[in-house]
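In: got a predicted model here, sequence first, then my questions.
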Amino acid sequence: MYTLAACAEMLFLDQPVQDRAQRIHDLGFEVEIWDWTRHDLDALARTGAVFSSMTGYVRGTLTDAEGAAELLRTAEESVRAADRLGCPRLNLHGTGLDGRGLPVRPVTGEATGPMWITAHRTLTRVAELGARAGVTFTLENLNTAVDHPGVPFARAADTLALVASVDHPGLRMNLDLYHAQIGEGNLIELLRRAHGQGLIGEVQVADVPGRREPGTGEIAYPAVARVLADLGYDGTVALEAWASDDGERALERFRAAFTP
């Protein structure tokens, strides 16, 4: 059976992040964070929370040699930060994101052939770094229509193709169903395809529209939960959503949706 986690960057926003992590932990969930450079890692470690994922780079991109070198360098820094929290997964995107979730180096139109080749080579080195360090890097799909315009390799189909091409246990897909619903839809078939290839490192969820907890929008998350159970998925399902009203109620609704 899968385990449940929640993102401390999006819940209990009136509290310091370490208090958010403590509260999520006390409610029975693992904890996820984003950019670790903005947080006191020692304070987070003292909470006793189980950290399931964090951002796996600080700067860089998959699309060109210079950006790839920076991504790899900061990925090594992230591995050391993850070790301080005992965090097993480090998350990546096609390029660095600013504070609004917009790409630092946007790409106009489709990624070119040379961009795909550079991304494949860079992710291969990232996967090897993960294997040496005993962590798994995950490449997350994003939507470009609402939240992240200009991010390369954002669609779930592209993310899955890159992870499959690398074919290394140090790299898996972070399948974000909120982003996939906006970008592509057909979520259950996407889950089955990615799971059948053994490429899912994590599943993230939020409802559409609004990026709030399950039950507030159009996605039938109880049906998704049944499919995950039928597939035998035993990884992490993480709530990466804003609370529609109260953080604890959001977590209760999340737990209810994912209790088949």
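Out: Received, thanks.
In: gap between stretch 101-117 and the chain center?
Out: Stretch 101-117 has its C-alpha centroid displaced from the chain centroid by 19 Å (CA atoms, centre = their mean, to the nearest Å).
In: quick one: terminal-to-terminal distance for it?
Out: Across stretch 101-117, the terminal residues are separated by 25 Å (CA to CA, to the nearest Å).
In: and for it, what's in contact with it?
Out: Here stretch 101-117 makes contact (CB atoms under 8 Å, 6 or more residues apart in numbering) with 59, 61-64, 67, 94-98, 119, 147-153, 158, 162. (C-beta placed from N, C-alpha, C; glycine too.)
In: wait, isn't residue 55 in contact with residue 91?
Out: Yes: Residue 55 lies in contact with residue 91 (CB atoms under 8 Å); the separation is 5.6 Å.
In: those helices in the stretch 1-150 of the chain, which residues are they?
Out: If DSSP state H, counting those that start in this stretch is used as the criterion, the helices of the stretch 1-150 of the chain fall at 17-26, 41-46, 65-85, 113-133.
In: and the nearest residue to residue 73 once chain neighbours are set aside, its phi and psi?
Out: In space, and not counting its chain neighbours, residue 73 is closest to residue 60: 7.5 Å by CB to CB, 6 or more residues apart in numbering. Note on residue 60: backbone dihedrals following degrees, to the nearest 10 are phi 120, psi 180.
In: in JSON lines: the helices of the stretch 1-150 of the chain, plus mean pLDDT and distance to residue 243.
Out: Output for the helices of the stretch 1-150 of the chain, formatted as JSON lines (pLDDT from 0 to 100; distance: least, CB to CB, whole Å):
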{"stretch": "helix 17-26", "mean pLDDT": "98", "distance to residue 243": "11"}
{"stretch": "helix 41-46", "mean pLDDT": "98", "distance to residue 243": "21"}
{"stretch": "helix 65-85", "mean pLDDT": "97", "distance to residue 243": "24"}
{"stretch": "helix 113-133", "mean pLDDT": "97", "distance to residue 243": "32"}
